[in-house]
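S.K.: structure of the sequence below:
(2 chains)
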Amino acid sequence: MKLLTAYFTLGYPSPSMFTKLLKAAEDSGVDIVELGIPPRFAKYDGPLIRRSYEHVNRLGMDHWQLLKEARRSISIPIVVLTYLEEWVKNFTSFVDKVHEIGVDSILLPDLLIDYVDVFEEYFENAKRVGLTLFTSPSMPDKLIMRVSSLSKLFLYYGIRPTTGVPIPVDPTTLVRRIRSLVKNKLIVGFGLSLNDIADVLKAGADGIAVGSVLIQAINDGGVESVTKLLKELRGVIDGV
Amino acid sequence: MRDKYEPMVNTLNKYLDEILPNYWYNIVPDLPKPLPPPIDPPENSSRIELLQQILPKEILKQQFTIDRFVKIPDEVKEKYGVLGRPTPLYRAKALERFLDTPATIYFKFEGALPTGSHKVNTAVPQVFYAHTEGVDHVTTETGAGQWGAAVALAAALYGVKATVFMVKASYDQKPGRRALMEFYGAEVVASPSKLTKIGVEIVERNPRHPGSLGIAISEAIEYALENGYRYVMGSVLDVVLMHQSVIGLETMKQLELIGEEPDVLVACVGGGSNFGGFVYPFIGLKSSKKMEFVAAASAEVPKFSKGWYKYDYPDTAGLLPLLKMITLGKDFVPPPIYSGGLRYHGLAPSLSILIAEGIVKWVEYKESDILEAARIFAKTQGIVPAPESAHAIKAVIDIALQAKKNSEKKVIVFNLSGHGLLDIENYRSMMLRYQKQ
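M.R.: Down below sits the predicted model:
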């Protein structure tokens, strides 16, 4: 079965709605959720997710409290998404905290880009939780081969330069290039359209990740819109 | 076998088809490290989103659909043939004799193309894709005029209109190139101009501003955005370097046919397109032999010795996304040297990585040094090199003389990215200037 991964910004659009969204996601057939802790500079994120970060930052929330509630309310795996840049100085205590809360993995999109020379150190350091690795088409084949099996739960492959912006790419070519290099579950994300979803799954991806479209759905119609969209996506990926 | 093909290695018709590649080569999957992605500045407006209104769709697709080999469309391949690809690979025997070096020197002559430089290799596919998407007007910038002339020609081939923003220092110094662009039917505007907001702003601050490539790029993009045209980019982007890979792929084949393997590869560097196009296939596809790669740049635009490796805008107004690259800063105003193609603050991100990792070495030369190198080349090989390409020649001369000192039979191959016949007035004024000193 193909995997559906859903991204939510921690506490967006409000703490109470956020918890409802997570329940709705679990009930709509989502396999894994990624929860984003707002960074100071979300450099690889597109406008929608950036605005969601600004929104929750303005509200001023306790990320740890929200993560705890998230853990309590759903039983599917939770991957915490944040930039290493934010935690580089106190990475160990960061890992301790998420470990204590009981999340399943950590995803740091800048790890293999800005910290590629020292990524193994952080990998080691995060072992008690585990890291889900983020890769992109602009990474060398050799690196993708080297890291793919180390990644916890799955290997994330972002096929566009940023989230939620429909830059034209050829998903089939992109997925085919790395499929044979990856000895792990391969989840593809970043700006996927319905057509893209069919293409990436046919090209050999094990699942998809959606984020910006969910933020848009939250903005448009809250839990109801999100549920509808997730059920539709579940149907699409099961149909491929 | 060797004598048969010398000195013009690839003139035998039966090999022509074999030499011109069917695929472009993209080095990104073979880089030593991940290429940091383009990013948006922290504020809300997304430059990455804006790209969709700036570049032809297929160009954007090629930029971000990273694959090692990308098929050259038949229509483009046919135009490459029309324009004289494959270009010749010569042995520079007379230069070798003059230097009395044990080294063997070859050069790929991109100056043999109609506009006198390698630039048309990417102008043709970019304008082709714009044209097939129904775009009838393209804009671009140009420094010395080589890129502008290539776009003017490509636009003429596809019956598309072209507006070229030409850096003012070059506009004044190089009336020949300007005339060439106009001859092909392009509209040429001195930059900073009064046609755009950024141009007006800069002229108001300094009415005698000499202009820069960074400013001209911003003007060309703004003009395209305002009018619904598309912008074509002459260097820096990975997709441009990929199109230019025909230079290196051909050279590889040509060397193979004569049974040579290079020890050193040299090309000049502005934004990095002729260097990347010429050298990348050797870096990425020929891992068996240890080779040296040398990038020759201008000491007046000291990006290697004084630049930073950081995220910066490719254009002065910051309309394009930030790229992680070696840069002197987007506001750097280069002195009005004659190598207009090297007067650029930044460097292609892929080449920046290769420099930062020490895989590609660099040298920087002053204008007075390259004048001498250009004259030696003209007086021995007969070809007047473009001042940009003369930087590569200067590096080759230095390497060949070093080989003489060490009695090394090195094989040096360089890219003569352009001829300098349209720069001859500039050489004349260089001669007057430097002979006085």
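
S.K.: now do the contacts for the nearest residue to A:Asp104 once chain neighbours are set aside.
M.R.: In space, and not counting its chain neighbours, A:Asp104 is closest to A:Pro77: 4.0 Å by CB to CB, 6 or more residues apart in numbering or on different chains. Quick note: C-beta positions are derived from backbone N, CA and C, even for glycine. Neighbouring residues of A:Pro77 by CB atoms under 8 Å, 6 or more residues apart in numbering or on different chains: A:Asp31, A:Ile32, A:Val33, A:Asp104, A:Ser105, A:Leu153.

S.K.: dump those residues into JSON lines; add neighbour count and pLDDT as well.
M.R.: Formatted as JSON lines, the contacts of A:Pro77 follow (neighbours: other CB atoms under 10 Å in any protein chain shown; pLDDT from 0 to 100):
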{"residue": "A:Asp31", "neighbour count": "20", "pLDDT": "98"}
{"residue": "A:Ile32", "neighbour count": "23", "pLDDT": "98"}
{"residue": "A:Val33", "neighbour count": "24", "pLDDT": "98"}
{"residue": "A:Asp104", "neighbour count": "18", "pLDDT": "98"}
{"residue": "A:Ser105", "neighbour count": "22", "pLDDT": "98"}
{"residue": "A:Leu153", "neighbour count": "21", "pLDDT": "98"}
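
S.K.: out of the residues you listed, what pair is the most spread apart?
M.R.: A:Asp31 and A:Ser105 (13.1 Å; CB to CB).

S.K.: now the residue nearest to A:Asp104: how far from A:Val129?
M.R.: A:Pro77 sits 12 Å away from A:Val129, taking CB to CB, to the nearest Å as the criterion.

S.K.: got it, and B:Asp331?
M.R.: For B:Asp331 relative to A:Val129 (CB to CB), the value is 44 Å.

S.K.: and the two? Which one has more around it.
M.R.: A:Val129 (23 against 12; other CB atoms under 10 Å in any protein chain shown).

S.K.: quick check: phi and psi on that one?
M.R.: phi -110, psi -50 (degrees, to the nearest 10).

S.K.: which SS state does the closest residue to it other than its chain neighbours fall under?
M.R.: Closest residue to A:Val129 apart from its sequence neighbours, by CB to CB, 6+ apart: A:His99 at 5.0 Å. The three-state assignment at A:His99 reads helix, by DSSP: H, G, I helix; E, B strand; the rest coil.

S.K.: so which strand or helix has B:Glu78?
M.R.: Secondary structure from DSSP states H and E places B:Glu78 in helix B:74-83.

S.K.: which positions within stretch A:157-177 qualify as buried?
M.R.: Applying a neighbour-count criterion of 16 or more other CB atoms under 10 Å in any protein chain shown, one finds A:157-165, A:167-175, A:177 buried in stretch A:157-177.

S.K.: whoops, stretch B:68-80 was the one
M.R.: Those would be B:Arg68, B:Phe69, B:Val70, B:Ile72, B:Val76, B:Lys77, B:Lys79, B:Tyr80, for stretch B:68-80 by 16+ other CB under 10 Å.

S.K.: for the fourth one, phi and psi?
M.R.: The phi and psi values for B:Ile72, taken as degrees, to the nearest 10, are phi -80, psi 120.

S.K.: I figured it hits B:Tyr25, correct?
M.R.: No: using CB atoms under 8 Å, B:Ile72 makes no contact with B:Tyr25, being 10.6 Å away.

S.K.: right, I'll call it a day here.
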